[in-house]
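S.K.: My questions are about this predicted structure, shown below with the sequence.
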Amino acid sequence: MLPLSLLRAAENSPMLVELKSGDTYNGQLVNCDAWMNINLKEVVCTSSDGTKFWKLTNCYIRGSSVKYLRLPDDVVDKVPEDDGKRFAGRGGG
């Protein structure tokens, strides 16, 4: 299973994004692109020290600043079965 396929299957699902800075964003995934840039809506942002909170209608998160993502377990079942098979046999080394 490829990470981008998992994210695309998670569209319209709730998710948590933690940035390298320690800030967290909880919201609903609108979409993502090939660089893992993420658009969220109905977002609650929490500062890295946990003392400040912001409510945002939507936000854009650059993929290179993401530390980790947390998605609902049922998203894995939405990923297409043939994901990744088209890349089988390439590279490999």
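M.R.: Alright, I've got the coordinates.

S.K.: list the buried ones in stretch 30-40?
M.R.: By 16 or more other C-beta atoms under 10 Å, the buried positions in stretch 30-40 come out as Cys32, Met36, Ile38, Asn39, Leu40. Yep, even glycine has a C-beta here, placed from its N, CA and C like the rest.

S.K.: Next: stretch 61-73.
M.R.: By neighbour count with 16+ other C-beta under 10 Å, stretch 61-73 contains the buried residues Ile61, Val66, Leu69, Leu71.

S.K.: circling back to that earlier point, and the buried residues of stretch 30-40, which two are furthest apart?
M.R.: Met36 and Leu40 (12.9 Å; C-beta to C-beta).

S.K.: so Val79 touches Ala9, yeah?
M.R.: Yes: with contact defined as C-beta atoms under 8 Å, Val79 and Ala9 form a contacting pair (4.6 Å).

S.K.: Output the lowest mean pLDDT helix or strand found in this protein.
M.R.: Ranked by mean pLDDT, DSSP states H and E, the weakest helix or strand in the chain is helix 3-9, scoring a mean of 85.

S.K.: and it, what other elements does it pack with?
M.R.: strand 24-32 (3 or more C-beta pairs under 8 Å, 6 or more residues apart in numbering; DSSP states H and E).

S.K.: circling back to that earlier point, so how far is the least confident helix or strand of the chain from its chain's centroid?
M.R.: Centre-to-centre, helix 3-9 and its host chain are 8 Å apart (C-alpha atoms, centre = their mean, to the nearest Å).

S.K.: In CSV, list the C-alpha atoms belonging to the helix or strand following that helix.
M.R.: Following helix 3-9 in sequence order, the next helix or strand is strand 14-19 (DSSP states H and E). What follows is strand 14-19, C-alpha atoms only, in CSV (Å, rounded to 0.1, in the frame of the first residue of the first chain):
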residue,chain,number,x,y,z
PRO,A,14,-11.1,13.0,10.1
MET,A,15,-7.4,13.1,10.7
LEU,A,16,-4.7,14.4,13.0
VAL,A,17,-1.5,16.0,11.6
GLU,A,18,1.5,16.7,13.8
LEU,A,19,4.1,19.0,12.4
